[in-house]
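Peer 1: I need the structure of the sequence given here:
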Amino acid sequence: QEEIWRRVFQKFNFSSSDLDTFFSGPAFLAWYRMGNIQSWGGPLRPEWLSGQVQLQHQILDRMRSFGMMPVVPGFAGHVPRAVTRLYPNASVYQETQWGGTWGHFSPPYCCTYLLDPSDSLFQEIGHTLMSELIQEFGTDHIYSVDVFNELQPKSNDPDYLHKTMSGVFSAMSAVDPSAIWLMQGWLFHHHQDFWQPLQMKALLLGVPLGRLLVLDIFAEVDPQWERTESFYGQPFIWCMLHNFGGNLGMYGAVENVTRGPVEALNNPKATMVGTGLTPEGIEQNDVVYELMNEMGWRTQPVNLTSWVVGYARRRYGKQNDLVSAAWLLLIQSVYNSTVPRENHCHAIPVDRPALDLDPPIWYNTSDVYEAWDLMVTVAPNFTDIGTFRYDLVDLTRQALQDLAIPIYQHLIKAYHQRSVVGVRFAGNELLELLADMDRVLLTDDHFLLGRWLNSAKALASNDNDLLLYEFNARNQITLWGPNGEIHDYANKMWSGLVGDYYMKRWSAFIDQLDSSLVQNTSFNVTKFNGMDVALGSLWAMQRNSYPDKAQGNTTSVVQELHRKYRPHHYKGFH
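Peer 2: I've put the predicted structure just below:
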């Protein structure tokens, strides 16, 4: 869509340099498009813009051939900062939330200007953009716009909120009289203190009933339809968000997933029109997505016990009682979070080291270890099945992730007891566990840093693009910003990243603990965090390559690690 934006903004006298300080880099476009950040990771190359138009045509053609109705973007009012120079009388203000307590970004990467929809310039740009978009891609009459996603409006006056929505919709419907506005409902969850009933109702009813389609984006944890009288009559889609940042830890809220859509469907006052998936990252926790996709076809909750046994049989192509028992243990524990949580993975291996880490555990870790036992037992009979090998690696990763907790606790306890020997012992244990995690992840294609980096580099048509795209790919999964503004948000337990980034970080932390004890000084948190940012900045600029094809035998490596960790670490640290 940025090529369309470029054409339109240039018609309003914005220069290429103005847009270079507006468009973000490829890895951060989702947040730029919602007005959260600008220019970080950019600029976008002309080859990128033209290539994305071509790709968009291919995607739309394929979707329409399947009878799907694609959603294309509309105009929310986010504009380059040059608007104040070019149109000094325009009604604009800066949105600051991503420069504050959440995003921590500083200028020039925040804070985006929002053009007031009541301003005639908004209508002119919106009309031009819609016309250009439809001319290029056609339309199925559904347009995605998020004006206040993680951004607080300048006023909580219901009249202002109502008029804002009305103005945005006016720009859509002036060009497409059949326009339907698709909007995320995340804002109501994210800032509930601001979004009280008066404000929510005024916002939602700023668009004619039936012309605003709301994504109840986090309904498996915090359904907003229940606190908004079913979005005050606007239709909504019950969505499972599930994943933040593409993190890889095992997680699910399966009871909510099987119950929530059915309750909304059967509620006579609900305006639900469908179910959806809205994860920030995919290619993880397949079982949860399989279940959610089924719920779109069901009118009653599923029996999770029988369902997961059938899931395992379908996934591996054969029935096995030990496999079924393993999945029953997982579905009742790690996949059944019943306490509302935003599942950012704050696992010990991938979290920034500190003295007070407290990774969330909503399940009995013994269930994970026992499931691991069962899967290792049957592994020789399933080695030719790719989905089983993937799950075996993932379960081993999860077991090691959980086993890292008592080792970390031992490390911190030793530090507080001023035991150099204890710090060194537990530190070595933790680093050894991370090395072993990296080794088992290397045995499956789906857990390789090299795939991610090489996919980004493959988009480049010249050396400059290659440098930019690889930097985007590296920064997003580590510092996520120039100075670690939301560091580790998109952490990944991938081979290469665990061994070459997280291990180095933990090693530096352990060394600093050791030094502080030897020198009889306090641990310097500021010094370490600065060191972490320096490490991330250096790593993001590196150009070393990592394997993008699996190496080693999954079953053999898993069996070795199971023998090593199950009898000693599990008993020794619990």
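
Peer 1: quick one: low-confidence parts of the stretch 201-350 of the chain?
Peer 2: By pLDDT under 70, the low-scoring segments of the stretch 201-350 of the chain are 343.

Peer 1: swap in 50 and give it another go.
Peer 2: Residues of the stretch 201-350 of the chain meeting the criterion pLDDT under 50: none.

Peer 1: do a quick rundown of the strands in it.
Peer 2: With DSSP state E, counting those that start in this stretch as the criterion, the stretch 201-350 of the chain has strands at 212-216, 236-240, 272-277.

Peer 1: please apply the same query to the stretch 1-150 of the chain.
Peer 2: Assigned strands in the stretch 1-150 of the chain, in chain order: 72-73, 78-79, 92-94, 113-115, 142-144 (criterion: DSSP E, counting those that start in this stretch).

Peer 1: between those, which gets nearest to residue 531?
Peer 2: Nearest to residue 531 among the strands of the stretch 1-150 of the chain is strand 92-94; the distance by Cβ to Cβ comes to 32.8 Å. Quick note: C-beta positions are derived from backbone N, CA and C, even for glycine.

Peer 1: hmm, back to that, could the strands of the stretch 201-350 of the chain be laid out in CSV, adding distance to residue 560 and mean neighbour count?
Peer 2: Shown next, in CSV, are the strands of the stretch 201-350 of the chain (distance: least, Cβ to Cβ, whole Å; neighbours: other Cβ atoms under 10 Å):
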stretch, distance to residue 560, mean neighbour count
strand 212-216, 45, 25
strand 236-240, 36, 26
strand 272-277, 37, 17
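
Peer 1: export those as CSV, with columns for distance to residue 388.
Peer 2: CSV is the format used below for the strands of the stretch 201-350 of the chain (distance: least, Cβ to Cβ, whole Å):
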stretch, distance to residue 388
strand 212-216, 34
strand 236-240, 25
strand 272-277, 24
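
Peer 1: nearest spatial neighbour of residue 6, skipping sequence neighbours?
Peer 2: Distances taken as Cβ to Cβ, 6 or more residues apart in numbering place residue 19 nearest to residue 6, at 5.9 Å, with adjacent residues excluded.

Peer 1: list the contacts for that neighbour?
Peer 2: Residues counted as contacts of residue 19 (Cβ atoms under 8 Å, 6 or more residues apart in numbering) are 5-6, 9-10, 43, 80.

Peer 1: now do residue 99
Peer 2: Going by Cβ under 8 Å, 6+ apart, residue 99 touches 105-107, 110-111.

Peer 1: again with residue 533
Peer 2: Residues in contact with residue 533 (Cβ under 8 Å, 6+ apart) are 479, 483-484, 487.

Peer 1: nearest to residue 550, of the contacts of residue 19?
Peer 2: Distance to residue 550 across the contacts of residue 19 (Cβ to Cβ) is lowest for residue 43, with 35.8 Å.

Peer 1: would you map the helices across the stretch 301-450 of the chain?
Peer 2: Along the stretch 301-450 of the chain, counting by DSSP state H, counting those that start in this stretch, helices occupy 304-316, 321-331, 365-378, 386-416, 420-441, 449-457.

Peer 1: which one, of the ones you listed, ends up nearest to residue 206?
Peer 2: Across the helices of the stretch 301-450 of the chain, closest to residue 206 is helix 449-457 (Cβ to Cβ), at 39.7 Å.

Peer 1: give me the buried positions along the next helix or strand after that closest one.
Peer 2: Toward the C-terminus, helix 449-457 is succeeded by helix 463-476 as the next helix or strand (DSSP states H and E). Using 16 or more other Cβ atoms under 10 Å as the test for burial, helix 463-476 gives 465-466, 468-476.

Peer 1: comparing the strands of the stretch 1-150 of the chain, which comes out most buried?
Peer 2: strand 78-79 (a mean of 24; mean count of other Cβ atoms under 10 Å).

Peer 1: pLDDT score for the residue nearest to residue 160 when sequence neighbours are not counted?
Peer 2: Using Cβ to Cβ, 6+ apart and skipping residues adjacent in sequence, the residue nearest residue 160 is residue 153, 7.1 Å away. Listed pLDDT for residue 153 reads 94.

Peer 1: what is the burial count for residue 153?
Peer 2: Neighbours of residue 153 under the rule other Cβ atoms under 10 Å: 20.

Peer 1: so what touches stretch 285-292?
Peer 2: By Cβ under 8 Å, 6+ apart, the residues outside stretch 285-292 that reach it are 220, 240, 242-243, 250-252, 254, 257-258, 275, 277, 279, 282, 302, 307-308, 311, 315, 327, 330-331, 335.

Peer 1: give the PyMOL command for selecting the buried subset of these.
Peer 2: Selection of buried members from these for PyMOL, criterion 16+ other Cβ under 10 Å:
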select buried, resi 220+240+242+243+250+251+252+254+257+258+275+277+279+302+307+308+311+315+327+330+331+335
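
Peer 1: just to revisit the earlier point, report the buried members of the contacts of residue 19.
Peer 2: Judged by 16+ other Cβ under 10 Å, buried ones among the contacts of residue 19: 5-6, 9, 43, 80.

Peer 1: who's in contact with residue 146?
Peer 2: Residues in contact with residue 146 (Cβ under 8 Å, 6+ apart) are 34-35, 76, 183-184, 187.

Peer 1: buried residues in stretch 171-189?
Peer 2: Residues 171-173, 175-176, 179-189 are the ones in stretch 171-189 that count as buried (16+ other Cβ under 10 Å).

Peer 1: and stretch 410-427, by the same measure?
Peer 2: Buried residues in stretch 410-427 (16+ other Cβ under 10 Å): 410-412, 414-415, 422-424, 426-427.

Peer 1: what about that stretch, start to end distance?
Peer 2: Across stretch 410-427, the terminal residues are separated by 9 Å (Cα to Cα, to the nearest Å).

Peer 1: next one: stretch 105-119
Peer 2: End-to-end distance of stretch 105-119: 28 Å, with Cα to Cα as the criterion.

Peer 1: so who does residue 202 touch?
Peer 2: Counted by Cβ under 8 Å, 6+ apart, residue 202 has contacts 158-159, 161-162.

Peer 1: which of these fall in helices?
Peer 2: Taking DSSP state H as the definition of helices, these contribute 158-159, 161-162.

Peer 1: out of the residues you listed, which are buried?
Peer 2: Here, 16+ other Cβ under 10 Å leaves 158, 161-162 buried among those.

Peer 1: helix or strand for the nearest residue to residue 123 once chain neighbours are set aside, which one?
Peer 2: Distances taken as Cβ to Cβ, 6+ apart put residue 171 closest to residue 123, at 5.4 Å, once the chain neighbours are dropped. Element membership of residue 171 [criterion: DSSP H and E] is helix 158-175.

Peer 1: packing partners of the helix or strand following that helix?
Peer 2: Remark: after helix 158-175, the chain's next helix or strand is strand 180-184, criterion DSSP H and E. When contacts are defined as 3 or more Cβ pairs under 8 Å, 6 or more residues apart in numbering; DSSP states H and E, strand 180-184 sits against strand 142-144, helix 158-175, strand 212-216.

Peer 1: the residue nearest the centre of the chain: what's it in contact with?
Peer 2: Nearest to the geometric centre of the chain sits residue 245, at 2.5 Å (Cα atoms, centre = their mean). Counting by Cβ under 8 Å, 6+ apart, residue 245 makes contact with 280-281, 344-345, 489-491.

Peer 1: okay, now the unreliable bits of the protein?
Peer 2: 569-574.

Peer 1: what about 90?
Peer 2: Applying pLDDT under 90 to the chain flags residues 95-104, 111, 338-345, 567-574.

Peer 1: one step back: what subset of the contacts of residue 245 is buried?
Peer 2: Buried among the contacts of residue 245 by 16+ other Cβ under 10 Å: 344-345, 489-491.

Peer 1: for residue 53, state which of those is nearest.
Peer 2: Distance ranking of those against residue 53, using Cβ to Cβ, places residue 490 first at 26.4 Å.

Peer 1: so who does that closest one touch?
Peer 2: Per Cβ under 8 Å, 6+ apart, neighbours of residue 490: 245-247, 281, 476-477, 480.

Peer 1: please consider this matter closed, and thank you.
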